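**Q** Sequence first, predicted model second:
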2 protein chains.
Amino acid sequence: MKKETSAPTMKDVAREAGVALGTVSKVVNGLPVGDSYKIRVEDAIQKLNYQVNSYAQGLKASKTYTVAVLIPNTTEPFFAALAYHINIVLMKQKYRMLLCCTDSDSALEQEYVTMAQQNKVDGIIGLTYNPNLVIEENTPFVAIDRSMGTGIPCVASDNFAGGQLAAEKLADFGCKNVAFLRVGSSLSNEPNKRKAGFENGCLSRGLHYEMKIIDDSEPYEEFETFLEEHMHGGKLSFDGIFCVTDRLAFSVIRTLQCLHQRVPEDVQVIGYDGIRHFGNMDYMCSTIVQPLPEMAEMCVELLLRENMKAKPPLICLPVTYAYGGTTSEGTDMAKEL
Amino acid sequence: MKKETSAPTMKDVAREAGVALGTVSKVVNGLPVGDSYKIRVEDAIQKLNYQVNSYAQGLKASKTYTVAVLIPNTTEPFFAALAYHINIVLMKQKYRMLLCCTDSDSALEQEYVTMAQQNKVDGIIGLTYNPNLVIEENTPFVAIDRSMGTGIPCVASDNFAGGQLAAEKLADFGCKNVAFLRVGSSLSNEPNKRKAGFENGCLSRGLHYEMKIIDDSEPYEEFETFLEEHMHGGKLSFDGIFCVTDRLAFSVIRTLQCLHQRVPEDVQVIGYDGIRHFGNMDYMCSTIVQPLPEMAEMCVELLLRENMKAKPPLICLPVTYAYGGTTSEGTDMAKEL
């Protein structure tokens, strides 16, 4: 089925409805007009199957109903889930998502920021560790996990509380001597607070702890060496390990298998993020779950809410603990708490 | 740092370059002008830091430099990787990706098709199992995995060859009696050819085989029942299983563990897709790998290539086998072949 006639214009709608062109324009752009006019215009739009030209609309209203989302990639499950939830929230509000997998390319990221400054997108939700990114004050930008400057809100899970919760859970499950393993950016960022939260939890529960911290440029093998150094007579001196991400926990669990340490019988492991096998199956490991639907909702709300006098600089949303087979709670508790 | 002056216009560029407004317009829209004019305009654009207004450009050239990508979600690793690779290819060509996670919502999918028909996006790359989606002939649409109609190319991995390869590998690794497990859409689609390819491979290699096929609406438990029915004296009668996806293989491997069957010692398992742990770590299982970078490249090429007299209706791209720990080839072969 192919339409042979040319698409109807706003003028056609005005003629059909018997109103002025300006009235049609107001209805299309959501500006107030009398109810009876509104109904006539809407009827004419429906009858003619008139489609708003979004470019012309973009020029007029300076609204694109498009939000750019910057993430490093979608291959990492955490970023993929983040993009998915942001997309759902945007679609509910009739917004479209321009997704840019930046692979941490700073020129690309800067390009999207420029687009937002030029109103080519209505705003940006971005997770970036680019230290050189320049975002002018009042650019419509909401950051995830890392503060990007004055006037730009940052949304994150409550990383401090998450670290603390991990320590408390390990203590609850009978651990006495635990380790914290971290790999991450040396730039100031929210996930770095997992460390302080964990230390705090260990101190308040009298848990002895050691830390091994490396940065992005160093290999995971550093952790293997660290664990090997803590093997004595075939036994690891730690009975619990908190890993800064589920990805790291996954690697560490393999290293523990190579060292003939049983998880969770000999050593319990808790990760962070809440990654599930194939996206929606069971958790990869026992973990601190980031509240992705709520984080997505908050990012969109902060970005699109107009007339907000002061945008909050940092919003930390509550985390939960979930069992994923690598901790030793009773089997009757073997579910999300 | 905030700019206080208003953004330069095309007129400012014309004045700066000492050329007519039309000349600037030609350069901006990539139309031919004399080299010396082109250089003067480009210099002026750079000097004034003139930014093209993409809405105005969209109206004029009917080009948006935006491609919509429709996938069910990004939480499923295969879809996430597909979106990632398409994004990379689009960005290389200076295109932006409007990503729509449809969750198979047919109204949403239809909306994006309408956008493409109205030139609000330059085209669509879509993976959809929506039987009601109406795509008019010559809509700029490239389909993945399922033919959407006349004039719309479909890009897929070579599913038939992949099924055949799985059978050949199981035969090579010593299997005698194998099973094929499939869950999927009952709509005609490319992945369904994995079955015929597998059967063909089994026949040509003299492998005895059985099949268990369910559709999307049935529970995975059907496979558990099927496998239990093939247990005799604590031993499974199959020594090899080909699962239609890595996701299914992952579930089946767990079922086999519950049945006290060792993988790969007692039964070897091959999946399909090439999913890796956390997106870029090792394979989830031994698997037939879909060539995602090549598929993404082909989708974009077919969508954006103009002046193509006849678009090919179906393009099947070659697959490879990768070892992922669930087959029994010698350890010296324990890598991608």
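**A** Yes, it's here.
**Q** So which residues on the stretch 151-300 of chain A come close to chain B?
**A** By Cβ under 8 Å from any Cβ of the partner chain, the residues of the stretch 151-300 of chain A that approach chain B are A:246-247, A:250-251, A:275, A:277-281. To be clear about C-beta, it is placed using only N, CA and C from the backbone, and glycine gets the same treatment.
**Q** do that again at 7 Å, thanks
**A** Applying Cβ under 7 Å from any Cβ of the partner chain, we find that the stretch 151-300 of chain A lies next to chain B at A:247, A:250, A:277-280.
**Q** burial measure for A:Thr114, as a count.
**A** Applying other Cβ atoms under 10 Å in any protein chain shown, we find 14 residues neighbouring A:Thr114.
**Q** Where is the longest helix in chain A?
**A** helix A:77-92 (DSSP state H).
**Q** Would you mark the buried spots in that helix?
**A** Neighbour-count burial for helix A:77-92, with 16 or more other Cβ atoms under 10 Å in any protein chain shown as criterion, is recorded at A:77-91.
**Q** Whichever helix or strand comes after it - which strands sit beside it in the sheet, and in what orientation?
**A** Beyond helix A:77-92 on the C-terminal side, the first helix or strand identified by DSSP states H and E is strand A:96-101. In the sheet, strand A:96-101 lines up against strand A:66-71 (parallel), strand B:96-101 (antiparallel) (DSSP bridges).
**Q** List the residues that contact the residue in the stretch 1-150 of chain A positioned nearest to chain B.
**A** Nearest residue of the stretch 1-150 of chain A to chain B: A:Thr75, at 3.3 Å (Cβ to the nearest Cβ). Neighbour list for A:Thr75: B:80-81, B:84, B:279-280 [criterion: Cβ atoms under 7 Å, 6 or more residues apart in numbering or on different chains].
**Q** For A:Leu98, state which of these is nearest.
**A** Comparing the contacts of A:Thr75 against A:Leu98 with Cβ to Cβ places B:Tyr84 closest, at 14.9 Å.
**Q** what's the neighbour count on A:Tyr220?
**A** The number of residues packed near A:Tyr220 is 15, by other Cβ under 10 Å.
**Q** what's A:Cys175 in contact with, if anything?
**A** A:207, A:239-240, A:268.
**Q** Quick check: which ranges of chain A have low pLDDT?
**A** A:1-6, A:29-30, A:52-62, A:307-309, A:330-337 (pLDDT under 70).
**Q** Could you pull up the contacting residues of the residue sitting nearest the centre point of it?
**A** Nearest to the mean C-alpha position of chain A, counting by Cα atoms, centre = their mean, stands A:Leu82 at 4.1 Å. Contacts for A:Leu82 (Cβ under 7 Å, 6+ apart) come out as A:71, A:127, A:292.
**Q** Next, the contact list for the closest residue to the second one other than its chain neighbours, please.
**A** Spelled out, that is A:Leu127. Nearest residue to A:Leu127, sequence neighbours excluded (Cβ to Cβ, 6 or more residues apart in numbering or on different chains): A:Ile144, at 4.1 Å. Taking Cβ under 7 Å, 6+ apart, we find A:Ile144 in contact with A:125-127, A:155-156, A:299.
**Q** Please report phi then psi for A:Ile144.
**A** Here is the backbone geometry of A:Ile144 (degrees, to the nearest 10): phi -120, psi 130.
**Q** Just list whatever residues bridge to it.
**A** Assigned bridge partners for A:Ile144, using DSSP bridges, are A:Val155.
**Q** Quick check: it vs A:Thr75, distance?
**A** Distance of A:Ile144 to A:Thr75, computed by Cβ to Cβ, to the nearest Å: 17 Å.
**Q** do A:Leu21 as well
**A** 50 Å.
**Q** Then A:Ile152?
**A** Counting by Cβ to Cβ, the gap from A:Ile152 to A:Thr75 is 27 Å.
**Q** do the same with A:Leu181
**A** If you go by Cβ to Cβ, the gap between A:Leu181 and A:Thr75 works out to 23 Å.
**Q** A:Leu170 now?
**A** With Cβ to Cβ as the criterion, A:Leu170 and A:Thr75 are 30 Å apart.
**Q** Out of the strands paired with strand A:96-101, which gets nearest to A:Arg305?
**A** Minimum separation from A:Arg305 across the strands paired with strand A:96-101 (Cβ to Cβ) falls at strand A:66-71, 12.9 Å.
**Q** Which parts of the stretch 51-200 of chain A are strands?
**A** For the stretch 51-200 of chain A, the strands defined by DSSP state E, counting those that start in this stretch occupy A:66-71, A:96-101, A:123-126, A:141-144, A:154-157, A:177-184.
**Q** Off-centre distance for stretch A:82-101?
**A** Distance of stretch A:82-101 from its chain centroid, counting by Cα atoms, centre = their mean, to the nearest Å, is 11 Å.
**Q** all strands of the stretch 201-337 of chain A, in order?
**A** A:208-215, A:231-232, A:235-236, A:240-243, A:268-273, A:287-289, A:314-317, A:320-322.
**Q** helices or strands next to the fourth one in the packing?
**A** Strand A:240-243 is packed against helix A:159-172, strand A:177-184, helix A:246-258, strand A:268-273, with contacts defined by 3 or more Cβ pairs under 7 Å, 6 or more residues apart in numbering or on different chains; DSSP states H and E.
**Q** re the thing from before, can you tell me which of the contacts of A:Cys175 is closest to chain B?
**A** The closest of the contacts of A:Cys175, once distances to chain B are taken by Cβ to the nearest Cβ, is A:Gln268, at 20.7 Å.
**Q** what sits against the closest one?
**A** When contacts are counted by Cβ under 7 Å, 6+ apart, A:Gln268 is found next to A:170, A:173, A:175, A:239-240, A:326-328.
**Q** neighbour-wise, which of those leads?
**A** Each of the contacts of A:Gln268 was scored for neighbours by other Cβ under 10 Å, and A:Leu170 scores highest at 31 neighbours.
**Q** contacting residues for that residue?
**A** Neighbouring residues of A:Leu170 by Cβ under 7 Å, 6+ apart: A:178, A:207, A:240, A:242, A:268, A:270.
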